[in-house]
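coordinates only, no sequence provided:
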DNA sequence: CGAGCCTTCTTTACCGGTAAAGGGGCTTGA
DNA sequence: TCAAGCCCCTTTACCGGTAAAGAAGGCTCG
């Protein structure tokens, strides 16, 4: 790619062509009230003729200090984010809020990219989505001293946080199953650490997880581990949120002697995978197996049976992230409400 | 938001603190081989101590001419794009290609935003997705003279275009239905013009459409309107691609005396809506009604029955868009291959 | 032993704008 | 009638860097 930015002449060229000061040309573009309408018209005409398309954004930014753009930094694969309806909904909210404010939205993928793009980003602020505390990118962004917001993870006491009360939401899921009468319940967790582990895990791993997502599992446990009968729960950890991972997890539960009558999945995508695995094993949902998801992505209403899940306001989360970044009076930490949506994938256990 | 960019001092401040030339500091960051390792180390330490986090991106860009960022300009609501798996897949491809090249990806929504953001965008090039020929944004971008690519629409003979052969793909869909023996076939079209029309349309509207999407309908017609028996086809136009619109379209076809035995939908989202409408009318797919989609979004495999549709390589499209923008040798116009994927939503017509 | 060269920095000239202050001519009002 | 004020435009000083050329000192090598 050739340096085509200055291929079209500059503000000064236009000024020279008209024999006027370059500041006047600048004013023609930025402060129409500072010059006569006639001259302004003449300038605009000349500019068009010379194919000058307006002030160089970089130069302008150098003066004003504003990029009119905010960055969204994505910890993992952006491509994966676009495939994930939950992530997409969040990004949609950010996009919407940006559009309303006339801002651009710059997307960065951390994984596999040089962290220096963070330093090179021409932006006014950063929104971090699911990055680790010790992420280089995060540190670099802090060093830049620009406004920041972190989503779903309380990374820093001085940096605004937006998330949900995962634990309470998860409790509602588990309670729902318990109310239905389930006693053999299994859990499919999302990743609890950065080691890419896949398999059965114990309570210790949940306790020591640095991720906020662990609160979902803790929430399940809050309900299942107390009351008249403590329910021994098997937990499977999936390294990522996808149908395939959900299927793998389910297969492993199905192998057991005492197959669970219900499965709590930490995301809808996992839950959908569980349902598919059940189908291919001839296990009927919800008759033989109840499944609860988390997130309430659009697909939750498309699968058969429609998924019982926790609705979380992803779009609103995105919108609030922008607000938290730009509005001085925005609160430092904010947790959005969630609600359990009971659809068709849960029912009383079939003990026949 | 306060102007926080220069809150941390500049390259010159660091130089002054060390009593050296500012160029040397610049070199410390950009050309380590131009100075002694010891001095570089000292500079970096001082910089860190002074909370100087590296060269100002805007200033750097002003010199180098590169923003290390490309823009994706979206004609309609970006929020809608994130909800649409087809659009998301494309964006995912762009994101992936950008990440590989260490570029940022700037997203713009045209709708409802001031077009001037195009002029203000600190970018090296533009990818336009489904914008109209007379879109102001598009014109402004041309004026800026930066590299451009247009997706799915041949807007300009000199600007690279990436798309698919909609007509041929659509022919394959129609042929599939015909091969199965269908004679009463209806079409649900995507928008053919910018007037927001919803309802039955005639052939004339298809012919006069300025959009490339019209070629899907033309492709259907190619097959249905020829051969031993011309099949009279009813066409419904939906203003946007969504389940709801598909449902509305289907409802209108179901009202007719001679209900179609098959429906060709111009997108999977429409097709899924059609299937849902059928279900709520007690019409079984594919026994009573065959449905063909277009795009092969992930949801096409999640719905029951799984959708017969045309697979198009969205992610690849995104990747190629970036390549077309940056690689000098990329072809000016390129059409990607598609293929008909036959799943469970189509069958022989039930004439019983 | 001195020319030539490399290493390591510095000087100077931009990049393409914006902002604040300045200045000439004309209107206004006491 | 003359100072004050306004309209329009210009001058000047930056914004925070990069790049090319220059200079001082030490090294190599014939």
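Cool, the structure landed. Quick caveat: nothing in here was measured; it's all calculated off a predicted structure.

what residues does the stretch 201-350 of chain A put near chain B?
Proximity of the stretch 201-350 of chain A to chain B, by Cβ under 8 Å from any Cβ of the partner chain, involves residues A:272, A:298-299, A:302-304, A:315, A:325-326, A:328. Just so you know, the C-beta spots here come from the backbone N, C-alpha and C atoms, and that holds for glycine as well.

now do 7 Å
Within reach of chain B by Cβ under 7 Å from any Cβ of the partner chain, the stretch 201-350 of chain A has these residues: A:272, A:298-299, A:302-304, A:315, A:326.

where do the strands sit along chain A?
Taking DSSP state E as the criterion, chain A contains strands spanning A:69-74, A:104-109, A:126-129, A:148-151, A:161-164, A:185-189, A:199-201, A:234-237, A:262-265, A:290-292, A:309-311, A:333-336, A:339-341.

how long is stretch A:303-320 from one end to the other?
30 Å (Cα to Cα, to the nearest Å).

my guess is residue A:294 meets residue A:216, correct?
Yes - under the criterion of Cβ atoms under 7 Å, residue A:294 makes contact with residue A:216 at 6.4 Å.

mutual contacts of those two, please.
residue A:266 (Cβ atoms under 7 Å, 6 or more residues apart in numbering or on different chains).

show residues contacting the longest helix seen in chain A.
Counting residues, the longest helix found in chain A (DSSP state H) is helix A:85-101. With contact meaning Cβ under 7 Å, 6+ apart, helix A:85-101 is reached by A:70, A:72, A:81-82, A:104-105, A:127, A:295, A:297-299, A:314-319, A:321-323, B:78-79, B:82-83, B:88, B:107, B:109, B:112-113.

could you check how far the residue lying closest to residue A:219 once chain neighbours are set aside is from residue A:280?
Nearest residue to residue A:219, sequence neighbours excluded (Cβ to Cβ, 6 or more residues apart in numbering or on different chains): residue A:170, at 2.7 Å. Residue A:170 is 27 Å from residue A:280, where distance means Cβ to Cβ, to the nearest Å.

what residues are up against the closest residue to DNA strand D within the stretch 51-200 of chain A?
Minimum separation of the stretch 51-200 of chain A from DNA strand D (Cβ to the nearest atom of the strand) falls at residue A:62, amounting to 4.0 Å. Neighbour list for residue A:62: B:58-59, B:62 [criterion: Cβ under 7 Å, 6+ apart].

at 10 Å instead, please
A:56, A:122, B:5-6, B:56-62 (Cβ atoms under 10 Å, 6 or more residues apart in numbering or on different chains).

deepest of the strands of chain A, which one?
strand A:262-265 (a mean of 32; mean count of other Cβ atoms under 10 Å in any protein chain shown).

just checking: what are the partner strands of that one?
strand A:185-189 (parallel), strand A:290-292 (parallel) (DSSP bridges).

next, format these as CSV and append distance to residue A:345.
Shown next, in CSV, are the strands paired with strand A:262-265 (distance: least, Cβ to Cβ, whole Å):
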stretch, distance to residue A:345
strand A:185-189, 14
strand A:290-292, 5
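
to residue B:180, which of these lies closest?
Among the strands paired with strand A:262-265, strand A:290-292 comes nearest to residue B:180, with 34.8 Å by Cβ to Cβ.

low-scoring stretches of the stretch 101-250 of chain A, by residue?
Along the stretch 101-250 of chain A, segments meeting pLDDT under 70 span A:226-230.

which part of it gets nearest to DNA strand C, residue-wise?
Counting by Cβ to the nearest atom of the strand, the stretch 101-250 of chain A gets nearest DNA strand C through residue A:122, at 13.5 Å.

any idea how far chain B is from that residue?
4 Å (Cβ to the nearest Cβ, to the nearest Å).

contacts only, for that residue.
A:57-58, A:61-62, A:67-69, A:71, A:104, A:106, B:5, B:56-58, B:60-61, B:67-69, B:104, B:106, B:121-123.

compare neighbour counts for residue A:294 and residue A:216 and give me the winner.
For residue A:294 versus residue A:216, neighbours defined as other Cβ atoms under 10 Å in any protein chain shown are more numerous around residue A:294 (32 against 29).

list the contacts for residue A:288?
Per Cβ under 10 Å, 6+ apart, neighbours of residue A:288: A:259, A:261, A:278, A:281-282, A:347, A:349-350, A:352.

need the pLDDT of it.
On pLDDT, residue A:288 comes in at 96.

take the contacts of residue A:288 and lay them out in TSV including neighbour count and pLDDT.
TSV is the format used below for those (neighbours: other Cβ atoms under 10 Å in any protein chain shown; pLDDT from 0 to 100):
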residue	neighbour count	pLDDT
A:259	15	91
A:261	22	95
A:278	23	97
A:281	14	95
A:282	7	95
A:347	20	97
A:349	20	95
A:350	12	87
A:352	5	64
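
what about the residue nearest to residue A:241 when sequence neighbours are not counted, how many neighbours?
Of all residues not flanking residue A:241 in the chain, residue A:267 sits nearest, at 4.4 Å (Cβ to Cβ, 6+ apart). Residues near residue A:267, counting by other Cβ under 10 Å, number 27.

isn't residue A:267 right up against residue A:291?
No - with contact defined as Cβ atoms under 10 Å, residue A:267 and residue A:291 do not form a contacting pair (11.8 Å).

give me the common contacts of those two.
Joint contacts of residue A:267 and residue A:291 (Cβ under 10 Å, 6+ apart) are A:188, A:246, A:273, A:309.

filter the contacts of helix A:85-101 down to the buried ones, PyMOL style.
Provided next is the PyMOL selection string for whichever of the contacts of helix A:85-101 are buried by 16 or more other Cβ atoms under 10 Å in any protein chain shown:
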select buried, (chain A and resi 70+72+81+82+104+105+127+295+297+299+314+315+316+317+318+319+321+322+323) or (chain B and resi 78+79+82+83+88+107+109+113)
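
if you look at the contacts of helix A:85-101, which of them are in helices?
Short answer: these in helices (DSSP H) are A:81-82, A:314-319, A:321-323, B:78-79, B:82-83, B:88.
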